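[1] What follows is a predicted protein model with its sequence.
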Amino acid sequence: MRAIRMKMATVLLGAAAAGLVVPAQSFAGTGTDAGPAPKAAYCGADQASGLAVWGTGKVPCATALQAAAAYTKASRDKADGVGEVRAAGVTWKCAERQGDPNPYAECVDAGDPGRVVVLSS
């Protein structure tokens, strides 16, 4: 009986440790529908909303934070959702997406769909 408990504890601790070393969160539907979601780099929290900001593809964190700030500002001003924002010299097409389990906001560079900014809780 004791050996079974030890094995179970080892398995549970191993599973917990594996969950801690996942390098980046991926978002279903991020970017284009033509393949797996690109890896995301955590850039920090949006100053106004406190949401986590992730840059994917070739988006530097400074640009991701600017796009997130523009999205947050525009979403406060519009009750029906945000369509497009302009930040860092780029037009970003933004929309809310259903995540698993929580929804998140996604802004895609209108000129390069491989450049994506994600805001999540």
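    Cool, the structure landed.
[2] how far away is Tyr89 from Trp54?
    Actually, residue 89 is Gly rather than Tyr. The spacing between Gly89 and Trp54, counted by CB to CB, to the nearest Å, is 20 Å. For every residue, glycine as well, the C-beta is placed using N, CA and C.
[3] Settle it for me: which of the two has more neighbours?
    Trp54 (27 against 7; other CB atoms under 10 Å).
[4] which strand is the longest one in the chain?
    Taking DSSP state E as the criterion, the chain has its longest strand at strand 90-97.
[5] Using PDB, list the CA coordinates for the helix or strand following that strand.
    The first helix or strand that comes after strand 90-97 along the chain, using DSSP states H and E, is strand 104-109. Extracted C-alpha coordinates of strand 104-109, given in PDB (Å, rounded to 0.1, in the frame of the first residue of the first chain):
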ATOM      1  CA  TYR A 104      -8.900  36.800 -24.900                       C
ATOM      2  CA  ALA A 105      -8.300  39.700 -27.200                       C
ATOM      3  CA  GLU A 106      -6.200  39.300 -30.400                       C
ATOM      4  CA  CYS A 107      -4.900  42.000 -32.600                       C
ATOM      5  CA  VAL A 108      -3.400  41.000 -36.000                       C
ATOM      6  CA  ASP A 109      -1.100  43.200 -38.100                       C
END
